[in-house]
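Q: My questions concern the predicted model and sequence given below.
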Amino acid sequence: GTNTIVSVMFVICDICQCEISSADLYEYHVNGKRHQVQLERYKRRKDESERSVYARGFPPSTQEHELLAYFCMFGPVEKIVYDEKKSMKTKVPAFAIVEFKSADTARSVATYGQHVINSQRIEIRPRTFKELRTEPYFPWQREDNNRDLPWQKYNELHQKLSANNIQMGPYEATQPRRKGKIKGPAPIKQGRAKDSEGQDIVPIDVKEFQTYLEQHQCVGIQTQVMLLVELTQVTTAEFQSRYTICKTLEDALSPFFPGMTVNQFGSSVNGFGIKGCDMDVYIDLTKLGIPCRTSNIVLPYIKDLYTLKKKNSGPLSQQEVDNMRPMDKLKLIQRIITEHAPSCMDTRIIPSQRCPILRFTDYNSQIKCDLSINNKLALQNTRLLQTFSLFDARIKPLVYSIRYWAKLKGIAGNPQACNRLSSYALTMLVIYYLMNTTPPILPPVEELSRMWRDRTIVDQWDCSFVSAQFMPPTPNIQTIEELLYGFFQYFSHFDFLANPMSVRTGKPITLDLSVLEKTLKVGVIILQDPFVLNHNITQNVNEKMLTKIVKEMQLAVVKSERWFDVANAETKSIMDIFSEDVPVGFQPKKLKMSRKPKGLAEIGPYQFLIDMNMDKLSRADIQTLQASGNMRLTWCKKMIVFLYRQIERLLMFDCELAVVNLPVTLKPSRTYSVYRHVGQPLRPITEEQGTEQEMEGQEEGMEGQQDVGTSQEVEKNWSDPNQPSTSQGDDQHFAEEAEESSQPQMTAPGGEEYADVDFGSHGGWAPAGEGPTLPHVVDGTELVPVENPLDNDEEDEEEATQRKEEEQRRFEEEENQRQDPSYIQYDFGDSEYYVDMDVKVMCRIWVERKNLIKELKERGFKENLQLEQIVSERLFYEVHGPAQKPITEFRCVMRSLVSDSGASVLVDCMADTRQKEYDCIYHYMKKFVLKNVDKFFYA
């Protein structure tokens, strides 16, 4: 039975995690169903923990049936909780919880100290269980019972700091400043050693490594390289220390961010880690769950965090975390670590536009850790390198030896902002080389992605690839010695400036520099990330460092050539390339430093690019483009057609097609006005072409007698050339709005309501009452009245003057034709699709455009391409009208640029820049087209 408690404010029930506010509710709660169920569950879990042991330290490849067979030798086993996938992914010592049927069996297993599974000693300890009081208790009795909670166990430290008058600001560490020597043994330093200049040094000195070679009597390059791997790779103790750091971070942060995960990435877990390397951690805050705590937890100092000013306690929800800026998240994490994880010392935030990080040092192991919150792509890079390291046994020792050599020569290792290759970039260089051996050892990442059925999309990037067990075996049988020599030989003659490298395709990027500069940051070495295709991982390398890299590789080639001489079979050593000796007569080849890669052109002043943006393409668009067989080329075709519609329909420019290489037909949306020809055409014309143009001009003259603006349907797809134009007279909504307006309705020339304008037989713009009633221009030729032969007395001198002026004008035109680059035959290069056309601007369609768009929007029109065309047609036919001669004219070429890494359309405009309004019209057209592409093409 229970005793009734009288005169108490409230008591606490640990079993149900609640408070009982009155004596009347006490007996009701204790005898209630909820308390009895929770009490029974607590007793059952306590019994399970007494019959269980915790095992760790066995190899990750250990199977569950192997553990069952081993522990059954001690007694009957109830079950084994074993997460094989998690241990294989994180590369930490695997763990298992073994539950026996008897508690005596579990105690005997825990006391036995010689457990060996798969030739490896494992650690066994009793399973810990948190004891709770089975009966409610008073609040002042809670301290001893909850001292081990992670959010309360540092209260004593805070009291000591307050007693010593130490101010605790938002960035202060909770550990007091140590004066003098620390009592007790110093912590073991497993961090990266530094030299006098603060730069990295290798894990083992060259002389020390040579001593090891002599002691072990290693003969052969392959044996020596394997010894180097054993001496420089991450040790088991370091793996355990890194696991402890992750566990400390999880215990400190999980009360504030329930459901968060701590993930290691980088060299410490990708299979190529070096002893003493830094630790990279990614905190995933994107999948927060429901907190298990019933009470709140006090947040640290947050008054300077805008989105959390009104919040005093945690835990935080997913929406609250998503509303925070990345820097605010790092500040909050830094303060939580400072208060609840005192072993993480010297915390500081390193801002970065791409990926800000929080850096700290673990006091126990002296390991430096970089913590990030928006670097999920780095996990995929780590998994990829891990897959490559497990695929072939030669890859790991090859990477270790090359990285050790590069650090000795001062060309790799990037501890601070400098121009050396980072360890990740150097590893990717080795991967790229292994993709180009004969035969290749590694397949391209793109091929691995095609082999995987499901898609892994991270931040709009395709990060799919198969694991090592599904990769096809390689027929290459070269030794490590041959591969090491081949690496130096391959890159000592490699043209870095002319061959941008892509690990995703395994071959150089064949893309114009103008397009490439829009894609990623171009440097003297271009090495594209396998997943983030707009990131150059070697962009920090400058010309001076590239020269040094090539020189050291050429020197390594000369030194390693002696390995293949039979006379040096017993004396050859890996120390040949590690030493600082320079062979007699060695002369490094000079590297030609051209500013731009060979064959890549620069963007001109009247050129612009439109790149294929995968982020804006919908899933349906991607499927449609992929169904065509060539996704990038199909996109270029649609973009060229879309641009032609913008220039010809919306800007109302007269576009005369000269050369078209498209699988579709481009049709004009209207009959162009006949105007007086100005100057010569912008390309050379042969006699045959001139005859063809005369015949086409006669046909156009016959067609010019028809009414213009006869489009009948509203355009649905602006990238389809066969769709007709959208005319203002055919738009029902526009007609209804126009009837309400007080202004008179005006249609395209030839309409019945356009009575006060006489267009003539050729559709030209001529207001009624002005000029002759007969056409003054026929087929592009100005009609001149016949002169009276009797009036030639005073015309001789005038004719002579006119003749001289005409000759001078022709001479100037011929001179301009020779100097103007637009008259030169255009080189379309490797473009599959292209359009070359002459453009005449007959109307200032941009004048009053904003005001008219604003007026139509107020009347209910939606902002789309149909509205743009309605505005253009009203301005062209009703407000301004076409000019008697072109305002300006230019040559416009649109062509496709396709490579394995992307696609673009280049718009190249050529004209006589002495035209007054050409520069303004070009920039307006560029701005207008890019705006519509961004708004409507991907919609």
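A: Received it, and whenever you're ready, just let me know what you need.

Q: do you know how far S831 is from W635?
A: Distance from S831 to W635, counting by Cβ to Cβ, to the nearest Å: 14 Å. Every residue, glycine included, has its C-beta placed from N, CA and C.

Q: Looking at those two, which is more packed in?
A: W635 (26 against 17; other Cβ atoms under 10 Å).

Q: List the buried residues of the strand or helix carrying L377.
A: L377 is part of helix 376-391, with elements assigned from DSSP states H and E. Within helix 376-391, the residues that count as buried by 16 or more other Cβ atoms under 10 Å are 376-389, 391.

Q: just curious, which of those is nearest to E805?
A: Distance to E805 across the buried residues of helix 376-391 (Cβ to Cβ) is lowest for L377, with 69.2 Å.

Q: Can you verify my assumption that that closest one contacts D462?
A: No. Using Cβ atoms under 8 Å, L377 is not in contact with D462; the gap is 11.2 Å.

Q: residues contacting W405?
A: 556, 577-578 (Cβ atoms under 8 Å, 6 or more residues apart in numbering).

Q: go with 10 Å
A: By Cβ atoms under 10 Å, 6 or more residues apart in numbering, the contact list for W405 reads 202, 228, 411-412, 426, 484, 487-488, 552-553, 556, 574, 577-578.

Q: can you check L132 too?
A: 13-15, 17, 38-39, 42, 46, 145-146.

Q: List buried residues within these.
A: Buried subset of those (neighbour count, 16+ other Cβ under 10 Å): 13-15, 38-39, 42.

Q: Could you pick out which of these are located in strands?
A: Of the positions in these, C13 sit in strands, assigned by DSSP state E.

Q: Residues touching stretch 245-252, excluding its own?
A: 90, 92, 149-151, 153, 257, 260-264, 279, 281, 283, 333, 336-344, 360, 362, 364-365, 367, 369, 371.

Q: got it, and stretch 567-584?
A: 202, 206, 209-210, 213, 218-225, 227-228, 401-402, 404-405, 408-409, 480-481, 484-485, 488, 552, 555-565, 588.

Q: Of the residues you listed, just the buried ones, PyMOL syntax please.
A: Of the contacts of stretch 567-584, the buried ones go into a single PyMOL selection, burial set by 16+ other Cβ under 10 Å:
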select buried, resi 202+209+213+218+220+221+222+224+225+227+228+401+402+404+405+408+409+480+481+484+485+488+552+555+556+557+558+559+560+563+588
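
Q: Quick check: beta-bridge partners of M837?
A: For M837, the beta-bridge partners are L657, C892 (DSSP bridges).

Q: Do I have it right that it meets F653?
A: Yes. With contact defined as Cβ atoms under 10 Å, M837 counts as touching F653 (9.4 Å).

Q: Now the common contact residues for those two.
A: In contact with both M837 and F653: 647, 890, 892, using Cβ under 10 Å, 6+ apart.

Q: The last one against D838, yeah?
A: Yes. With contacts defined as Cβ under 10 Å, C892 counts as touching D838 at a distance of 7.8 Å.

Q: Comparing these two, which residue is more hemmed in?
A: Set side by side, C892 and D838 show more neighbours around C892, with 24 against 16, by other Cβ under 10 Å.

Q: what residues are up against the more buried one?
A: For C892, the contacting residues are 606, 643-644, 647, 653, 655, 658, 682, 835-839, 907-911, 922, 925, by Cβ under 10 Å, 6+ apart.

Q: out of those residues, which are inside strands?
A: Among the contacts of C892, the members found in strands (DSSP E) are 655, 658, 835-839, 907-910.

Q: mind saving the C-alpha coords of the following helix or strand past the helix holding L377 as CSV?
A: Remark: after helix 376-391, the chain's next helix or strand is helix 395-409, criterion DSSP H and E. The C-alpha trace of helix 395-409 is given here as CSV (Å, rounded to 0.1, in the frame of the first residue of the first chain):
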residue,chain,number,x,y,z
ILE,A,395,44.8,2.5,-55.1
LYS,A,396,45.3,3.1,-51.4
PRO,A,397,49.1,2.6,-51.3
LEU,A,398,49.4,4.7,-54.5
VAL,A,399,47.5,7.6,-53.0
TYR,A,400,49.5,7.4,-49.7
SER,A,401,52.9,7.4,-51.4
ILE,A,402,52.0,10.3,-53.8
ARG,A,403,50.6,12.4,-51.0
TYR,A,404,53.6,11.8,-48.8
TRP,A,405,55.9,12.8,-51.7
ALA,A,406,53.9,15.9,-52.5
LYS,A,407,54.1,17.1,-48.9
LEU,A,408,57.8,16.6,-48.8
LYS,A,409,58.2,18.7,-51.9
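
Q: quick check, distance from helix 395-409 to the centre of its chain.
A: In terms of Cα atoms, centre = their mean, to the nearest Å, the centre of helix 395-409 is found 28 Å from the chain centre.
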